[in-house]
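A.B. asks: Starting from these lines, generate the structure:
(one chain, ligands or ions: 1)
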Amino acid sequence: MTDSTPSSGAYELPTFAFQTPPELEHPPRTRRYPLVIVGAGLAGLTLAADLASRGVACVVLDEDDTVGVRGASSRGIAYVQRSLEVMARIGIFERIAAKGTTWSAGKVLAGDDVLYAYDFQPESVSAQPPFINIQQFYLEWYLVDRIHELGLTDLRWKHRVTGVRHRTDAVELDVETPAGRYTIEADWVVDAEGVNSVVREQLKLPAHGERGQDRWCITDVRFTRSRLNERWTWVEAPFNENRGVWQHLMADQVWRLDFQMAPDADPAHVSRPDVARERVAAMLGPDTEFELVWVGPYSYRTQLMENFRHGRLLFIGDAAHAKSPFGARGGNSGITDADNLGWKLALLLTGRATDAILDTYHQERHRAAEENIRVTSRSGRFMQPRSRNEFTLRTAVLQLARRHTFARSLLNAGRMSAPHHYAGLPAFGPRPDDGRSLPNIALSRQGHTVHLLDLLAEAGDELLAFVFPRDGDPDAGRTAHATLAAALAQQALPARALLMGRDVADSHGLLARLSATPGGGVALVRPDAHLGASLDSHDAAALVDAVRRSLGHPASAPSHDGDTHEHRHLVAAAG
Ligand SMILES: Cc1cc2nc3c(=O)[nH]c(=O)nc-3n(C[C@H](O)[C@H](O)[C@H](O)COP(=O)(O)OP(=O)(O)OC[C@H]3O[C@@H](n4cnc5c(N)ncnc54)[C@H](O)[C@@H]3O)c2cc1C
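C.D. replies: Alright, predicted model coming up:
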């Protein structure tokens, strides 16, 4: 890729060429594929790249011929550690780090008062930093580049999906292109079309939500002098009529200044360059020199589908759940959807799991989406109280937070996106830590550092069972490992066992601590770096059960019910 030079108009984005698809070049017009993804936005591209990195091909259809949104600003800017870890596994973290701006510290202010300051770095144990800011279109661009490098994905630009039919044995999509229309058939379809999903609308699948009343105006600027790289959030900014303001550095030395507007603000008026300049001058003083890069007003909507799986169709990203941008939970959670679904689809498409595994996608990501919507809605109401009572509460919290530490926890100007803890869901073990996300911690192998994600990447779409010897006894550990590895192999399960101390060393004791196996046992880690189960014994039946649960089977159930289960599901969905 080349740079997208921000000009005083919009960013300049790349154009990807339309290519006539085989369906229109050589009859028959309808072809069948194992997997089609609709939408090459952040979520769809992450899934395609993830699958390609696991050796799985798919077709991706996008109605546009570029990344981001042509003529608009970058929407997303802040990417959290979990997303950066996903990008590291896919192979583009270095590009993101080189281009973006790495940060960990920020302040929340009311006027000149700093209500609190934070820094996530001291707590971090991951190889990736707490946050990198980078314009969303760069991230998408790197994903496109990576998809091309991996060479497995059939990425089709200017292919707009206009119709969908869900049959028991396949999904049919009608596609419109500059060269004509065709129909494509797929065993499985992932809808990543964003908030205005045609597939969702046509199938009349409910997505409950509401449009927010809050109005904001992005004012991206570049300063002639460098400024402190911190995220500052004004809950009340006197220079913006006591409404909210965000300031934050992205790539290319462009700062995102985001101003909360009056609810009745005229979008055309607030976007005028002279009005935007006045806003920035009021904020930073009349002598601050800057260049306007992009100005644009926006509002947001909240939306949640009831089910992220509908038979042979799966919904990811904004198509499944949309929310306000507070805490950067939109794109980051779309990336996590892709991370959650990628290995499951890979196992399904290569015949090593039944479609029961896809139900775990819905269970896990729907609960995460509910949490994200709950958290962002609270932030939204704190930033834009809806009633006199909410306003009184907010005023009291702001006054108290100026003087008392306890009140700072009540401030809610956006809580940054964090991995969801899947505790209690069917695919996980019963212990409190089961279901948690594990950071990309450093381990060692033959005297060299190896990160958890390196090991997971090597394992492809298989789970890893880290076997910790009891009380550090290496002989007993070897015997236990051999028994466990044999049990996994005998059941032909997609999981491999590693003996701690021999195959890998947990030099800092972090994995044992995070997986709650300090006295010995097994930590079963899924390819998306979530702890599937922690076992305090070396019981082979317990490990087999835990792996089967991760694949979507009830514990201890016979393993050959896949066809029946799949059939039951698909007939129900298509019917
Ligand atoms: C102001 C603002 C700031 C934000 N800040 C952040 C942030 O800092 N961090 C963060 O994580 N998130 C942020 N977000 C949210 C983030 O931008 C979205 O959550 C994210 O873009 C969703 O990705 P997606 O892939 O699900 O959908 P989209 O990005 O909307 O992609 C959908 C894709 O589908 C294609 N498509 C649509 N319909 C069809 C069709 N019928 N046929 C074929 N293709 C189709 C489109 O061309 C597009 O490429 C922000 C959003 C806004 C508005």
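A.B. asks: close to the ligand, is the helix ranked longest in the chain?
C.D. replies: In the chain, taking DSSP state H as the definition, the longest helix is helix 356-383. No: against the ligand, helix 356-383 shows no contacts by C-beta under 6 Å from any ligand atom, the least distance being 10.2 Å. To be clear about C-beta, it is placed using only N, CA and C from the backbone, and glycine gets the same treatment.
A.B. asks: Which strands and helices lie in contact with the helix or strand that that helix is followed by?
C.D. replies: Of the helices and strands lying after helix 356-383 in sequence (DSSP states H and E), the nearest is helix 388-403. Counting contacts by 3 or more C-beta pairs under 8 Å, 6 or more residues apart in numbering; DSSP states H and E, helix 388-403 is packed against strand 105-110, strand 113-119, helix 356-383.
A.B. asks: residues in contact with Ser417?
C.D. replies: Each residue near Ser417 by C-beta atoms under 8 Å, 6 or more residues apart in numbering is listed here: Val80, Arg82, Ser83, Gly327, Ala328, Arg329, Asn332, Ser333, Asn372.
A.B. asks: do that again at 6 Å, thanks
C.D. replies: Counting by C-beta atoms under 6 Å, 6 or more residues apart in numbering, Ser417 touches Val80, Gly327, Ala328, Arg329, Asn332.
A.B. asks: likewise Ala52?
C.D. replies: Contacts of Ala52 (C-beta under 6 Å, 6+ apart): Ile147, Leu150, Leu152, Thr153.
A.B. asks: Okay, and which of the residues you listed map to helices?
C.D. replies: With helices taken from DSSP H, the overlap with the contacts of Ala52 comprises Ile147, Leu150.
A.B. asks: how far off helix 388-403 does the longest helix of the chain point, in degrees?
C.D. replies: For helix 356-383 against helix 388-403, the angle by axes from the mean of the first three to the mean of the last three C-alpha atoms, to 10 degrees is 80 degrees.
A.B. asks: buried ones in helix 356-383?
C.D. replies: Within helix 356-383, the residues scored as buried using 16 or more other C-beta atoms under 10 Å are 356-369, 372-373, 375-377, 379-383.
A.B. asks: Around the ligand, which positions in the stretch 251-400 of the chain sit nearby?
C.D. replies: Counting by C-beta under 6 Å from any ligand atom, the positions of the stretch 251-400 of the chain adjacent to the ligand are Tyr298, Gly317, Asp318, Ala319, Pro325, Ala328, Gly330, Gly331, Asn332, Gly334.
A.B. asks: switch the cut-off to 5 Å
C.D. replies: Gly317, Asp318, Pro325, Ala328, Gly330, Gly331, Asn332, Gly334 (C-beta under 5 Å from any ligand atom).
A.B. asks: could you dump those to a markdown table with neighbour count and secondary structure?
C.D. replies: Listed next are those as a markdown table, based on neighbours: other C-beta atoms under 10 Å; DSSP: H, G, I helix; E, B strand; the rest coil:
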| residue | neighbour count | secondary structure |
| --- | --- | --- |
| Gly317 | 29 | helix |
| Asp318 | 25 | helix |
| Pro325 | 21 | coil |
| Ala328 | 21 | coil |
| Gly330 | 26 | helix |
| Gly331 | 26 | helix |
| Asn332 | 26 | helix |
| Gly334 | 29 | helix |
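A.B. asks: remind me which residues of this structure are low pLDDT?
C.D. replies: Scanning the chain for pLDDT under 70 picks out 1-10, 555-575.
A.B. asks: C-alpha coordinates for the longest strand anywhere in it, PDB please?
C.D. replies: Taking DSSP state E as the criterion, the chain has its longest strand at strand 180-191. This file holds the C-alpha atoms of strand 180-191, laid out as PDB (Å, rounded to 0.1, in the frame of the first residue of the first chain):
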ATOM      1  CA  GLY A 180     -24.200  -8.000 -14.900                       C
ATOM      2  CA  ARG A 181     -26.100 -10.100 -12.300                       C
ATOM      3  CA  TYR A 182     -25.500 -13.600 -11.100                       C
ATOM      4  CA  THR A 183     -26.400 -15.900  -8.300                       C
ATOM      5  CA  ILE A 184     -23.900 -17.500  -6.000                       C
ATOM      6  CA  GLU A 185     -24.500 -20.500  -3.700                       C
ATOM      7  CA  ALA A 186     -22.700 -21.200  -0.500                       C
ATOM      8  CA  ASP A 187     -22.800 -23.900   2.200                       C
ATOM      9  CA  TRP A 188     -22.200 -21.100   4.700                       C
ATOM     10  CA  VAL A 189     -22.600 -17.300   4.500                       C
ATOM     11  CA  VAL A 190     -21.200 -14.700   7.000                       C
ATOM     12  CA  ASP A 191     -23.000 -11.400   6.800                       C
END
